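Asks: Test case, fold it:
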Amino acid sequence: MEVEGTIAIVVSHLMFILGLSELIHAKTWARYTENLMNSEHIVIMHTPFWLLFGLVIVNGHNIWEMGPPVIITVFGWLMLVKCILVMLAPQPMLDMAKKMKSTRVIILRISGVVMVILGTYTMLDTYSRYG
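Replies: Alright, predicted model coming up:
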């Protein structure tokens, strides 16, 4: 299997599992996020992992054809841009995240539904393309 196929399978599963977790455990994720936002040091420690993951997606699966593959690519680019912003401007990003506190559970549930749908859609497409 090609690298782009492996990345697509891993990312589609990540989207599905993360989305399901956000949907089922939105309050737990909200508390986790709130605790995370209390320290820019913790945020900076988490960001390089996601930055690396975003770089792998962008460099190994930079497919811009309309359809399911572009979802994986956009996911990688969004992850990359967010991580760069957090690394270069941690305080403004933390301040923005703290302002969303009152709606965090709702946002996580909506995000969970979207991620489950996109994860399922991209997973089905990925397995049909790469077996």
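
Asks: Could you use CA atoms for every contact and neighbour count after this?
Replies: Noted.

Asks: residue ranges for the helices of this protein, please.
Replies: 3-24, 26-37, 40-60, 68-88, 90-99, 104-130 (DSSP state H).

Asks: Now do the longest one, average pLDDT.
Replies: Okay, so that is helix 104-130. For helix 104-130, mean pLDDT is 92.

Asks: got the angle between it and helix 3-24?
Replies: Helix 104-130 runs at 150 degrees relative to helix 3-24, counting by axes from the mean of the first three to the mean of the last three Cα atoms, to 10 degrees.

Asks: And the third one, by the same measure?
Replies: Taking the same axes, to 10 degrees, one finds that helix 40-60 is oriented at 140 degrees with respect to helix 3-24.

Asks: quick one: low-confidence ranges for the protein?
Replies: Low-confidence segments of the chain, defined by pLDDT under 70: 1, 40, 102.

Asks: that older thread, got JSON lines for the helices of the chain, with mean neighbour count too?
Replies: Shown next, in JSON lines, are the helices of the chain (neighbours: other Cα atoms under 10 Å):
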{"stretch": "helix 3-24", "mean neighbour count": "20"}
{"stretch": "helix 26-37", "mean neighbour count": "16"}
{"stretch": "helix 40-60", "mean neighbour count": "16"}
{"stretch": "helix 68-88", "mean neighbour count": "19"}
{"stretch": "helix 90-99", "mean neighbour count": "14"}
{"stretch": "helix 104-130", "mean neighbour count": "18"}
